[in-house]
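Participant: Following is a predicted model, sequence given first.
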Amino acid sequence: MIGTGPPSDPRPTRARTRGDGFPTVDPPPRAQLIGAVVVGLALVASGVYLWRRPRGAVDPRSVAPSASALAVEDARSPAGLLDAGGPSTVTLSEARVLACHDKGIRKTPAEQCDHLATVEQALARAISQTASCSAASNAGGTIEYVADVSFLRRKVKISLPRSGRSLRDRRVVEACAVAVREAMDAVPLDGADHEHSRYKISVTATYRGKIQG
């Protein structure tokens, strides 16, 4: 006789009914729990490794200084200073006004003469920039440069009096005279403040000569 009940389900039933009438689900098998724990531990371990792994060697090309940076460093080095002019080979005295006068017989005492700042600065700059004229001198020495400034003629003449120099090498003295005279030829007198029409200004240069090794 054929039974009238429902056919039996070959799969086990996972849902059960609690005492309050709501169904409950069976907990997952133990193998699934263990697998989930293993996966979680693996993720944590990989994250810690990536965070604490040693950094690879840095490509030197990525941190190499640029050409402009190298140029700046070279300019600051002793060799760069020498190439750019380096320590000056000449020391200058302060400019002195030897004389000033106008037309006529009246003379003004030197201590009462005003200073020609633009001409004095130009003379000092000309001597400093042409200091290489003393390269042939081994002993060095002093040279006095006197600028004869005439506002009437709009001209500056440079003389090197014998009494104001200890450097005896004639070739060196002549070379320095030519260099300073050429540099002073372009000095403009227009607009320079002055109280007199003519001045004589002196600057003494001390050349150190060649350094004996």
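Facilitator: Nice, thanks for sending it over.
Participant: what about the chain, any weak spots by pLDDT?
Facilitator: For the chain, applying pLDDT under 70 flags the ranges 1-33, 35-39, 44-88, 210-213.
Participant: Now do the helices in this protein.
Facilitator: Counting by DSSP state H, the chain has helices at residues 30-52, 60-63, 67-76, 78-83, 117-129, 170-184.
Participant: which other residues reach the last one?
Facilitator: This means helix 170-184. Helix 170-184 has contacts (C-beta atoms under 8 Å, 6 or more residues apart in numbering) with 122-123, 125-127, 129-130, 132-134, 136-137, 143, 145, 147, 156, 158, 160, 165, 167, 205. Glycine gets a C-beta too; all of them are placed from N, C-alpha and C.
Participant: Just the buried residues out of those residues, in PyMOL syntax.
Facilitator: Of the contacts of helix 170-184, the buried ones go into a single PyMOL selection, burial set by 16 or more other C-beta atoms under 10 Å:
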select buried, resi 122+123+126+127+130+133+134+137+143+145+147+156+158+160+165+167+205
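Participant: Of the contacts of helix 170-184, which belong to strands?
Facilitator: When DSSP state E defines the strands, the subset of the contacts of helix 170-184 inside them is Ile143, Tyr145, Ala147, Val156, Ile158, Ala205.
Participant: Verify the contact between the fifth one and Glu144 for me.
Facilitator: No: using C-beta atoms under 8 Å, Ile158 makes no contact with Glu144, being 10.7 Å away.
Participant: what do these two both touch?
Facilitator: Joint contacts of Ile158 and Glu144 (C-beta under 8 Å, 6+ apart) do not exist.
Participant: export the ones in strands among the contacts of helix 170-184 to CSV and tack on distance to Cys113?
Facilitator: Formatted as CSV, the ones in strands among the contacts of helix 170-184 follow (distance: C-beta to C-beta, whole Å):
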residue, distance to Cys113
Ile143, 23
Tyr145, 18
Ala147, 13
Val156, 16
Ile158, 19
Ala205, 22
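Participant: measure Tyr199 to Thr118 for me?
Facilitator: 12 Å (C-beta to C-beta, to the nearest Å).
Participant: repeat for Thr91
Facilitator: In terms of C-beta to C-beta, Thr91 sits 22 Å off from Thr118.
Participant: returning to that earlier point: neighbour count for Tyr199 and Thr118, which is higher?
Facilitator: Neighbour totals were compared for Tyr199 and Thr118, and Tyr199 leads with 25 against 15 (other C-beta atoms under 10 Å).
Participant: May I have the beta-bridge partners of that one?
Facilitator: Per DSSP bridges, the residues bridged to Tyr199 are Cys100, Val149.
Participant: just checking, it touches Val149?
Facilitator: Yes: assessed by C-beta under 8 Å, Tyr199 is found in contact with Val149 at 4.5 Å.
Participant: between the two, what contacts are shared?
Facilitator: Counting by C-beta under 8 Å, 6+ apart, the common neighbours of Tyr199 and Val149 are Leu116, Val119.
Participant: And stretch 189-202, what's buried?
Facilitator: Leu189, His194, His196, Arg198, Tyr199, Lys200, Ile201, Ser202.
Participant: Include distance to Ile105 when you put those residues into JSON lines, please.
Facilitator: Formatted as JSON lines, these follow (distance: C-beta to C-beta, whole Å):
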{"residue": "Leu189", "distance to Ile105": "25"}
{"residue": "His194", "distance to Ile105": "20"}
{"residue": "His196", "distance to Ile105": "14"}
{"residue": "Arg198", "distance to Ile105": "14"}
{"residue": "Tyr199", "distance to Ile105": "18"}
{"residue": "Lys200", "distance to Ile105": "17"}
{"residue": "Ile201", "distance to Ile105": "22"}
{"residue": "Ser202", "distance to Ile105": "24"}
